[in-house]
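Chemist: Quick one, fold the following:
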Amino acid sequence: MLDALFGFIFELVLNAIGTVVAKLCGVEDAADFAPVVVGLGLIGIGVAVTVWGH
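Modeler: Numbering: from 1, shown residues only. As a prediction, the model looks like this:
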């Protein structure tokens, strides 16, 4: 249950960071910025797996 909570919080933070970065780069629609968000997500997943030791 704690993993689900961490996953939910991580997803919210990642979405917020993606939106902020898209706005800072001047992209009108966050969907145009999707590859960067996906890349950040993959990096985040790698960090989470490393930290949680799975």
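Chemist: From now on I want contacts and neighbour counts done on CA atoms only, so please keep to that.
Modeler: Fine.
Chemist: got a list of contacts for stretch 37-44?
Modeler: Defining contact as C-alpha atoms under 8 Å, 6 or more residues apart in numbering, one finds that stretch 37-44 is touched by 14, 15, 18.
Chemist: Buried ones in stretch 40-54, by neighbour count?
Modeler: In terms of neighbour count (16 or more other C-alpha atoms under 10 Å), stretch 40-54 has its buried residues at 40, 41.
Chemist: again with stretch 7-15
Modeler: Buried residues in stretch 7-15, defined by neighbour count with 16+ other C-alpha under 10 Å: 10, 14, 15.
Chemist: one step back: let's see which of the contacts of stretch 37-44 end up in helices.
Modeler: Judged by DSSP state H, the contacts of stretch 37-44 include 14, 15, 18 as members of helices.
Chemist: ok, those residues vs residue 49, which is closest?
Modeler: The shortest approach to residue 49 among those belongs to residue 14, at 15.6 Å (C-alpha to C-alpha).
Chemist: For the closest one, which non-adjacent residue is spatially closest?
Modeler: Using C-alpha to C-alpha, 6 or more residues apart in numbering and skipping residues adjacent in sequence, the residue nearest residue 14 is residue 41, 6.9 Å away.
Chemist: Which strand or helix spans the one you found?
Modeler: Taking DSSP states H and E as the definition, residue 41 sits inside helix 34-52.
Chemist: who are the neighbours in contact with the residue nearest the centre of the chain?
Modeler: Closest residue to the average C-alpha location of the chain: residue 14 at 2.7 Å, with C-alpha atoms, centre = their mean. The contact partners of residue 14, taken as C-alpha under 8 Å, 6+ apart, are 37, 40, 41.
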